[in-house]
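> When you get a sec, could you give me coordinates for this:
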Amino acid sequence: GVAGEALTACTGLLSGLNTRITHKCLNKDEALIDPVSGSASDPHTTRGLVLNNEQKAVSGAIAETRRQWADFRAALVSRYGADVGHRMALALTQDVPKVDLVFAIDTTGSMGPHIAAAIAAANDVVDALSGRGTPEILTDYRVGVVDYKDVDSDPAYGCPPDYDAVTDLSFSKKRPDIVSALGALRFKVYGGCDFPEDVLSGVQRAVEFPWRDGVNKAIIVMGDAPGHDPEQHSGLTSASVIAAALAVDPAVIYPILVGPYGAFGTDAFMANLAAGTGGQTFDGRFGGVSQALLAAITAIVTAPPPSPTDTTPPSVTVTLPAPPAGQGGYFNGSQTPVTGSVSASDPANVSAITCTDSAGGLTLGAIAGGGTGTASRTLTVSGDGQHDITCTATDGGGNTGAAAGSANTGTVKIDATAPAASCSADPDTLWPPNNKLVPVTISITVTDTGSGAGTSVLTSTTSNEPGVDDIQSFTIGEADVSGLLRAQRDGSGTGRIYTLRFTVTDVAGNTSTCDAQVSVPHDMRKR
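Below you'll find the predicted structure:
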């Protein structure tokens, strides 16, 4: 068969029939190997096809790897001791999850036995985080402790208001600090005569801890009463606390159910906090607080790591029209206000869009599509000057700005003001009235602080005493500033006045007019 042929081929080579022995004859590299059982099948190389060589090679490799790993573990234990050496081996054989955990515990009077049980389990909790529990999971952990009572106690029950929530331990990874902080809670058990407590203040204080990025964030809340919803003194609601917990990436809430009041709203209140943040409840009444705490720890450390933190603001695009060609990049008065738009998009939805204008002439329209993946606003720009527009947006995660590559800026230049112009003639008086044609030159002065002076065009030539061929060589519709005017007037009048009107246009296209006048007096002595 195939195995026999393969064996013959390779043994023939080895016996000197061929001086070159191929890798194919010697290796067993190509086969299907089950990663759990180690069984090998479907060999493809010559040597692997011979009898059960493939499986022997795989089994031998597994055995040798296990031997070397056992020797290495033994060396770790020999050098660093059983506890440290074992946990070092755990660090090498598993991905070490990062966990930030805050306990938020009700310390009103009825919580005495439940807190005692939690204190008794404190070392077991730290062991579970340190790789000494079952299952053995080594974590990079930090633990904090908060306790809460009730500011909103009902005076009708004869109990004075107490504090809402305090921090007993900021984040720490030291066993003595954690055990001591939990142990100290037994000295704080008092108060709380009415039923609801400030659960929301306790959880909110935990939410506001300085969490690390990219870690499993967890809040274990333990109480035997529901919370005020809303809390009168703080205004907190279950919805607002859940939203705050989700906003930190999230902080997942794991309630430990204790006490005899579950059916009176406690269990439902706690379950709502858990469901809103992706957590779960653990019943500490029947299996005991210790068992519930350890089950919660296992759920926390085995939870998938959070998705990468969204730190990217929305992509923002500003769209503004371009002015017509030949206007020096300006819009003129007949083309204003200038209307454009800004749009923003983000997988976490767009909650806001804001823009600034360096010249202060921007009006923003109402946001359209807010709270969805794409939103927009209209931009209306008015007022002379250069308007440098910059827009940013905010996404549902609170990131504000404009993502890299965004076209979130634009410029609008506006000159809506007509140029100032004055015209004068040289000479401006013709004398004597001898009926001769006299050369006249017009001077035009234009001032424009926006787009700048543009063109001047002669648009009309008139006289208050119409005559024949009295105005010559001035061409209407051209920039003609020289021509001939006749030194003549009607003796019965007060004198003749020639008016030459020019239309002045700035670069943006705004226009104004100016008149140059030349007179032929009736009588020089009466001037």
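> For the stretch 251-400 of the chain, just list every one of the helices.
Using DSSP state H, counting those that start in this stretch, the helices assigned to the stretch 251-400 of the chain run over residues 266-277, 289-302.
> would a markdown table of the ones you listed with mean pLDDT and distance to residue 206 be doable?
Where you see a C-beta, it was placed from the backbone N, CA and C, and this is true even at glycine. Converted to a markdown table, the helices of the stretch 251-400 of the chain look like this (pLDDT from 0 to 100; distance: least, Cβ to Cβ, whole Å):
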| stretch | mean pLDDT | distance to residue 206 |
| --- | --- | --- |
| helix 266-277 | 94 | 11 |
| helix 289-302 | 93 | 14 |
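> For residue 174, find the nearest of the ones you listed.
helix 289-302 (17.5 Å; Cβ to Cβ).
> list the helices and strands that closest one packs on?
On a contact count with 3 or more Cβ pairs under 8 Å, 6 or more residues apart in numbering; DSSP states H and E, helix 289-302 meets strand 98-106, helix 112-120, helix 122-129, strand 216-223, strand 251-257, strand 282-283.
> Go through the third one and flag the buried ones.
This means helix 122-129. 122, 124, 125, 126, 127, 128, 129 (16 or more other Cβ atoms under 10 Å).
> so what secondary structure elements neighbour that helix?
Contacts defined by 3+ Cβ pairs under 8 Å, 6+ apart place helix 122-129 against strand 140-148, helix 175-183, helix 289-302.
> and of those, who's closest to residue 504?
When the helices and strands packed on helix 122-129 are compared by Cβ to Cβ, strand 140-148 sits nearest residue 504, at 75.4 Å.
> partners of the helix or strand that comes right after that closest one, with directions?
For strand 140-148, the following helix or strand on the C-terminal side (DSSP states H and E) is strand 165-172. Sheet pairing of strand 165-172 (DSSP bridges) gives strand 140-148 (antiparallel).
> Residue 290 is in contact with residue 256, correct?
No - the pair residue 256 and residue 290 does not pass the contact test of Cβ atoms under 8 Å, sitting 10.3 Å apart.
> between those two, which one's more packed in?
residue 256 (25 against 16; other Cβ atoms under 10 Å).
> max-length strand in this structure?
strand 338-357 (DSSP state E).
> what are the C-alpha coordinates of that strand, in CSV please?
Provided in CSV are the C-alpha atoms of strand 338-357 (Å, rounded to 0.1, in the frame of the first residue of the first chain):
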residue,chain,number,x,y,z
VAL,A,338,-24.1,82.9,2.4
THR,A,339,-25.7,79.6,3.3
GLY,A,340,-23.8,76.3,3.8
SER,A,341,-24.0,73.3,6.1
VAL,A,342,-22.1,71.1,8.6
SER,A,343,-22.6,67.4,9.0
ALA,A,344,-21.2,65.0,11.6
SER,A,345,-21.2,61.2,11.8
ASP,A,346,-20.2,58.7,14.5
PRO,A,347,-21.0,55.1,15.3
ALA,A,348,-21.8,56.2,18.8
ASN,A,349,-24.4,58.7,17.5
VAL,A,350,-24.0,62.5,17.3
SER,A,351,-25.5,64.4,20.2
ALA,A,352,-24.3,68.0,19.4
ILE,A,353,-22.7,70.1,16.7
THR,A,354,-21.1,73.5,17.5
CYS,A,355,-19.3,76.0,15.3
THR,A,356,-17.3,79.2,15.7
ASP,A,357,-16.8,82.2,13.3
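> for it, which positions count as buried?
In terms of neighbour count (16+ other Cβ under 10 Å), strand 338-357 has its buried residues at 338, 340-346, 348-353, 355, 357.
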